[in-house]
Structures are given as structure tokens and as C-alpha cells.
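Q: Quick check, what structure comes out for this input:
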Amino acid sequence: MTQRILIVDDSARSRLLVEAALRAQGHDCFQSVESASLAFQALGMDTDIAGNGTGFDLILMDLVMPEVDGIEACRRIKSSERFADVPVIMVTAEDSPEALKAAFEAGAMDYVKKPVNRVELAVRVQSALRLKQETDCRKARERELVELTEKLRRLSNVDGLTEVSNRRHFDEELARMWRRAQREGGAIAIVMIDIDHFKCYNDQYGHVAGDECLRRVAGALREIVKRPFDLVARYGGEEFAVLLPDTHGAGADLVAENMRESVQAMNIPHCHSWDERVTISCGVAAVERVDGLEPSSLVAEADRRLYHAKQTGRNRVAGVVEAVSCA
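A: Numbering: from 1, shown residues only. Now for the predicted structure:
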């Protein structure tokens, strides 16, 4: 992998000597500038674009320069998180303890004395570039690990068949939203949903068709909820649950009715249904305040209303006229 080097020195002769030394080492990917301000431009420090500017892997910085000296330039560069891992080597004739201390405090990792000794420069440049490469590799592995961990976390929260949330994630989110409502106040609603006569559907059309039916119903439910914090979950078998934080009973009723209509409108054939297509029954429960209540009480009330919807004809919503007490 080609590594880029930025040379910053107000002396044209010094820049040429350093360039020649780098070429002798086999480096041909570098840029030379004559001032700190031009170095800032080359690094992209005058933009708000995130990332490591134009991708320099090492900066060779003269310590003594007009206007902005190497110590101040180094301090400004290293103060940006974008360049935290880019090593800076000071190239200087000034090797007093005070100057070197200031350079290291500004963020420099090493220094090379002028006039430049090619062997010394080669060793220090190679050491710095090796460190940068190792740092980049380590951070790449860390990013991959973070991405993999996040992917596994998402997968652990998702039902493999329907690709909506699973029961465990629903329970976790309900508990989390319940605690939030206890702290801040606010309503919570739940819709419990069951596919009507689904066992008959499986018996008639087969389990492959049954799985496809579950996927399509889950997709239809997910299309109805628009807010990022609403949650559709497969609760078990052919049953789904929808968590609606900050939602009152009337709003939850409307969501449930829209879901019922959406599933019916897909016109999935079902010869054992009175409507000859797949339908759902919904039970809705909501509380205005959760103080003194448990999440299980709201689930139980929504489940009771779902049972009522199924007992009174299916393909309907047993909704909320006013907030339930969950007593």
C-alpha cells in the first residue's frame, strides 16, 4: 500500500534534500510545501469534510518557519481528531532541550537534525510509517469488530422469518419505554394481532405458503407504523404485537384499523375465511400514565381485547374508547 508523506519547510534547498533522501528509500508519493498555511490547505484543514484530508501518512515538519512555526503548526494539526494518528517528525537544526520538549508536547513523535543524514532519516521515516500502518490496521479491525457486533445485535433482535422484531426485543423495548414513561410521563399503547384461521390456512395451502403469508402480513404491518420508535414484533406463531409509545387510545385504534385494512387489501386467498382472503383481528390497550402499573398488565389487556375480537367475528379491531385502567 502506497503511503503519502507531506514535507513542510520554508527552505527550498532543505525540501530538495529531503525529497532526494526519500526517493533513495523508494518513496515517490510525497508533496512539498513551503509554509504551515500551505500545509493546512494540503491537509484539508480549511474544510469541514470529515476524514483524514487527502490521506497523508506522515508529516515531516521544519521547526523554524516564518509566520507559523513548526511547533504551532504541529499543535494545530494534532488538535484535530482527523490527524490524531498521523505521525509528525520535526526536521530541525534547533535541538535544544527546550525546543524539543515543546515539539513533543505539541504532538510530534520524533525529530531529525539538520543537515539531514539519509540513514537516520530513512530509519525514522520507516519507523513512523510502520507505526501508522499498524495503527490503521488495528483501527480497521476494531471498526470491523464494532460492525460485526452491531450486526449480531440486530440479528438477535429480529425474527428470522418475518424480519420484524422478535418477542425478546419487544419485551426489552416495552420495559425500556415503560421506564421512560415513568420518568417523563406519557401514554403507551399496544396492539395485539392474530391472523384469522391461520391453522386452516397452513393445512390448506402448506407451510411454505404459510411462511410467505406471515412475511407479507409482517410487511404490511411495518408499512403502517411510520415513527422510528414504534415497534412491530412477531409475538409468537401467527401473532404479532405493535408497541406505540406516546400514543393514546384513539391513535392506537386508528393504527390498528389501518393495519387491518392493509392486510385485507393484499387479497391473499384463504378459502376458510368468510371473506375468502387473509384477515387479522386486533386488540388494542392503552394507558395515559404508567405509574403503579406493570407492563404485563397492558399486554394482558390487549390480549384480552384480541380474544374478544376473535370471539365476536374476527377481521375486526377491539379498540379503546378511553384509557384502560389495567386493574
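Q: Hmm, residue 83 is touching residue 77, no?
A: Yes: using CB atoms under 8 Å, residue 83 is in contact with residue 77, at 5.0 Å. In short, each C-beta sits where N, CA and C put it, glycine included.
Q: nearest spatial neighbour of residue 185, skipping sequence neighbours?
A: residue 289 (6.5 Å; CB to CB, 6 or more residues apart in numbering).
Q: Is the one you found in a helix, a strand, or coil?
A: coil (DSSP: H, G, I helix; E, B strand; the rest coil).
Q: again with the one 10 residues further on
A: For residue 299, the secondary structure call by three-state DSSP comes out as helix.
Q: Report the contact partners of it.
A: Residue 299 is in contact with 174, 190, 192, 241, 285, counting by CB atoms under 8 Å, 6 or more residues apart in numbering.
Q: Going by neighbour count, list what's buried in the helix or strand harbouring the third one.
A: So that's residue 192. Secondary structure from DSSP states H and E places residue 192 in strand 188-195. Under the neighbour-count criterion of 16 or more other CB atoms under 10 Å, strand 188-195 has 188, 189, 190, 191, 192, 193, 194, 195 buried.
Q: Mind listing the strands that strand pairs with, and their directions?
A: Strand 188-195 pairs in its sheet with strand 239-245 (antiparallel), strand 280-287 (antiparallel), by DSSP bridges.
Q: Excluding chain neighbours, what is closest to residue 240?
A: Residue 240's closest residue in space is residue 193 (CB to CB, 6+ apart), at 4.3 Å.
Q: Assess the claim that that neighbour and residue 282 are in contact.
A: Yes: if you go by CB under 8 Å, residue 193 and residue 282 touch, sitting 5.2 Å apart.
Q: who touches both of the two?
A: Contacts common to residue 193 and residue 282, judged by CB under 8 Å, 6+ apart, are 256, 259, 306.
Q: any idea how far residue 204 is from residue 272?
A: Using CB to CB, to the nearest Å, we find residue 204 at a distance of 6 Å from residue 272.
Q: helices or strands next to the helix or strand encompassing residue 233 in the packing?
A: Applying DSSP H and E as the criterion places residue 233 in strand 231-236. With contacts defined as 3 or more CB pairs under 8 Å, 6 or more residues apart in numbering; DSSP states H and E, the packing partners of strand 231-236 are helix 167-184, helix 207-224, strand 239-245.
Q: Could you list the buried residues of the longest helix along the chain?
A: The longest helix of the chain (DSSP state H) is helix 118-156. Buried residues in helix 118-156, defined by neighbour count with 16+ other CB under 10 Å: 121, 122, 124, 125, 128, 129, 131, 132.
Q: For residue 45, state which of the residues you listed is nearest.
A: residue 132 (18.4 Å; CB to CB).
Q: hmm, back to that, then the strand holding residue 192 to PDB, C-alphas only?
A: Output of strand 188-195 as PDB, limited to C-alpha atoms (Å, rounded to 0.1, in the frame of the first residue of the first chain):
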ATOM      1  CA  ILE A 188     -48.200   3.900  25.900                       C
ATOM      2  CA  ALA A 189     -50.400   1.700  23.600                       C
ATOM      3  CA  ILE A 190     -50.100  -1.900  22.500                       C
ATOM      4  CA  VAL A 191     -51.800  -3.600  19.600                       C
ATOM      5  CA  MET A 192     -52.000  -7.400  19.700                       C
ATOM      6  CA  ILE A 193     -52.700  -9.000  16.300                       C
ATOM      7  CA  ASP A 194     -53.600 -12.500  15.200                       C
ATOM      8  CA  ILE A 195     -54.000 -13.900  11.700                       C
END
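Q: List the beta-bridge partners for residue 89.
A: Following DSSP bridges, residue 89 is listed with bridge partners residue 60, residue 110.
Q: Residue 19 contacts residue 30, correct?
A: Yes: counting by CB under 8 Å, residue 30 is a contact partner of residue 19 at 6.8 Å.
Q: Could you tell me which residues touch both of those two?
A: Shared contacts of residue 19 and residue 30, defined by CB under 8 Å, 6+ apart, are found at residue 7.
Q: neighbours of the closest residue to residue 278 other than its chain neighbours, just the number please.
A: Excluding its sequence neighbours, the residue lying closest to residue 278 (CB to CB, 6+ apart) is residue 268, at 4.0 Å. Around residue 268 there are 20 other residues, counting by other CB atoms under 10 Å.
Q: Report whether the expected contact of residue 268 with residue 213 is present.
A: Yes: counting by CB under 8 Å, residue 268 touches residue 213, with 6.0 Å between them.
Q: which stretches of the stretch 1-150 of the chain aren't confidently modelled?
A: Across the stretch 1-150 of the chain, the stretches falling below the confidence threshold (pLDDT under 70) are 1, 47-54.
Q: Give me the mean pLDDT for the strand holding residue 233.
A: When pLDDT is averaged over strand 231-236, the result is 96.
Q: and what of stretch 252-261?
A: Averaged across stretch 252-261, pLDDT comes to 96.
Q: List the buried residues of it.
A: Result for stretch 252-261 [16+ other CB under 10 Å]: buried residues 252, 253, 255, 256, 257, 258, 259, 260.
Q: No more questions from me, cheers.
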